[in-house]
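Student: Structure of the sequence below:
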Amino acid sequence: MSESRSPRAKALLATAAVTALFAGTAFAQDGKLSLEGKTIGVTVIGTDHDWDLKAYQGQLDEIEKLGGEAIALDAGRNDQTQISQIQTLIAQQPDAIIEQLGNLDVLNPWLQKIKDAGIPLFTVDTATPLAINNTTSNNYAIGADLALQMVSDMGGKGKVLVFNGFYSVPVCKIRYDMMKYVLGSYPEVEIIEPELRDVIPNTIQSAYSNVTDMLTKYPNEGDVGAVWACWDVPQIGATQAIQAAGRKGVQTYGVDGSPEYVEMVADPDSPAGAVAAQQPYEIGKTAVDNVARHLAGQEVPPFTFLPAVLITKANAAETAGPFLPKK
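Tutor: Predicted coordinates for the structure are as follows:
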């Protein structure tokens, strides 16, 4: 158990270091952050997911609040469209560019072009040394905490269905690697091979179909104990499939805090086991604040971590409220 907690301890130390660094440099010289007269490019891979949209909106709202002008481009989940949009932003020479999510294998050459053009690059949920700062959740802690909760709920043994379709997305890679690290201490917990592939679009429908097929392949109670994914939209479909099959003892685990999935976790009769709920609007807002600090000549750290909330069956009554669908 001590081994599985060491990455979490390191991440907490990193968070403390970030807090300490910001303590003396939180404001511009006049006491307020400002982007007056500045143009900020914003490129996002897509906004169809609740997390993505809220992080994007947090950026746009904060740019406007600080007096800046945004050039905001949404790639509609198309890698080539995002590349074209990055080229457009480079040509327009904004004062800074914020890039949100996407496939790092595709993005890295173009992020390098942003740096080569002398434009300050900031990222949201994209860990790359090319960025001055990446604002994100502490995904090391998220990955470990969610995996530990899953193992605890399984009683330390059983088989897990794992969705692993987006390993080239840095946050998914971190969460997956931390999950595997934790499972290394629990030899009686086994991942079913081959792993499943979550997709975009039609995420919920595809996950429903995949999990239905796997429950048919493993028909006995106890054959499958959990379903894991690095985000929570596929877990909506996975949870529905478990319910439709009438299977007991199978729970789902995901990350982000999509309102529909949080509602499932909060339902005591649902197979949704736990979700690490993030604060995407605050993440987007904080990324813009980091841009303002940098343009004011202040030092910013390479990472800014915002806390997430682990919502479980046991604590949902106390923790789920802010993340539930608005009535």
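Student: Please make it C-alpha for all contacts and neighbour counts, starting now.
Tutor: OK.
Student: how near is E263 to T123?
Tutor: Per Cα to Cα, to the nearest Å, E263 is found 30 Å from T123.
Student: and if you look at S258?
Tutor: 21 Å.
Student: hang on, the earlier thing: look at E263 and T123 and report which has more neighbours.
Tutor: Taking E263 and T123 together and counting by other Cα atoms under 10 Å, T123 has the greater number of neighbours (28 against 19).
Student: if I've got this straight, that one is in a strand?
Tutor: Yes. Under DSSP: H, G, I helix; E, B strand; the rest coil, T123 falls within a strand.
Student: Helix or strand for the closest residue to T212 other than its chain neighbours, just tell me which one.
Tutor: Closest residue to T212 apart from its sequence neighbours, by Cα to Cα, 6 or more residues apart in numbering: A241 at 5.5 Å. Per DSSP states H and E: A241 is located in helix 233-245.
Student: Check what contacts the very next helix or strand once past that helix and list those residues.
Tutor: Sequence order places strand 251-256 as the next helix or strand after helix 233-245, per DSSP H and E. Under the criterion Cα atoms under 8 Å, 6 or more residues apart in numbering, residues 51, 142, 146, 150, 225-232, 235, 238-239, 271-278 lie in contact with strand 251-256.
Student: for stretch 307-325, same thing?
Tutor: Here stretch 307-325 has contacts from 137-138, 142, 145-146, 257-260, 262-263, 265-268, 273-279, using Cα under 8 Å, 6+ apart.
Student: What of stretch 155-175?
Tutor: By Cα under 8 Å, 6+ apart, stretch 155-175 touches 101-105, 125-127, 139-140, 142-144, 151, 176, 186-192, 195-199, 222-231.
Student: Can you tell me which of these are buried?
Tutor: Buried by 16 or more other Cα atoms under 10 Å: 101-102, 104, 125-127, 139-140, 142-144, 151, 176, 186, 189-192, 196-199, 222-231, out of those.
Student: All the strands of the stretch 201-327 of the chain, residue numbers only.
Tutor: Along the stretch 201-327 of the chain, counting by DSSP state E, counting those that start in this stretch, strands occupy 226-228, 251-256, 272-277, 303-306, 309-312.
Student: For P259, grab the count of nearby residues.
Tutor: 21.
Student: ignore the last one, V160
Tutor: So V160, with other Cα under 10 Å, has 24 neighbours.
Student: so it is in which element?
Tutor: Per DSSP H and E: strand 158-162 holds V160.
Student: Now do that strand against strand 251-256: the angle between them, please.
Tutor: 40 degrees (axes from the mean of the first three to the mean of the last three Cα atoms, to 10 degrees).
Student: Output strand 158-162 as PDB, restricted to C-alpha atoms.
Tutor: Coordinates of the C-alpha atoms in strand 158-162 are reproduced here as PDB (Å, rounded to 0.1, in the frame of the first residue of the first chain):
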ATOM      1  CA  GLY A 158     -11.500  -9.700  -9.500                       C
ATOM      2  CA  LYS A 159     -11.400  -8.800 -13.200                       C
ATOM      3  CA  VAL A 160     -11.600  -5.300 -14.700                       C
ATOM      4  CA  LEU A 161     -12.700  -4.100 -18.100                       C
ATOM      5  CA  VAL A 162     -10.600  -1.200 -19.100                       C
END
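Student: Parallel or antiparallel, which strands does that strand pair with?
Tutor: Strand 158-162 has the following sheet partners, assigned by DSSP bridges: strand 189-191 (parallel), strand 226-228 (parallel).
Student: okay, these in TSV with distance to Q87 and mean pLDDT next?
Tutor: Putting those into TSV (distance: least, Cα to Cα, whole Å; pLDDT from 0 to 100) gives the following:
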stretch	distance to Q87	mean pLDDT
strand 189-191	41	98
strand 226-228	36	98
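Student: so which of these gets nearest H294?
Tutor: strand 226-228 (37.9 Å; Cα to Cα).
Student: about what we covered before: would you turn the strands of the stretch 201-327 of the chain into JSON lines with distance to L35?
Tutor: Shown next, in JSON lines, are the strands of the stretch 201-327 of the chain (distance: least, Cα to Cα, whole Å):
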{"stretch": "strand 226-228", "distance to L35": "41"}
{"stretch": "strand 251-256", "distance to L35": "29"}
{"stretch": "strand 272-277", "distance to L35": "30"}
{"stretch": "strand 303-306", "distance to L35": "20"}
{"stretch": "strand 309-312", "distance to L35": "31"}
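Student: I'd like to know which of those is closest to I283.
Tutor: strand 303-306 (6.7 Å).
Student: tell me how far that closest one is from the chain's mean position?
Tutor: 12 Å (Cα atoms, centre = their mean, to the nearest Å).
Student: who does it pair up with?
Tutor: strand 133-137 (parallel).
Student: ok, and for the partner strand, which residues are buried?
Tutor: Those buried within strand 133-137 under the rule 16+ other Cα under 10 Å are 133-137.
Student: what's the distance between it and the middle of its chain?
Tutor: With Cα atoms, centre = their mean, you get 10 Å for strand 133-137.
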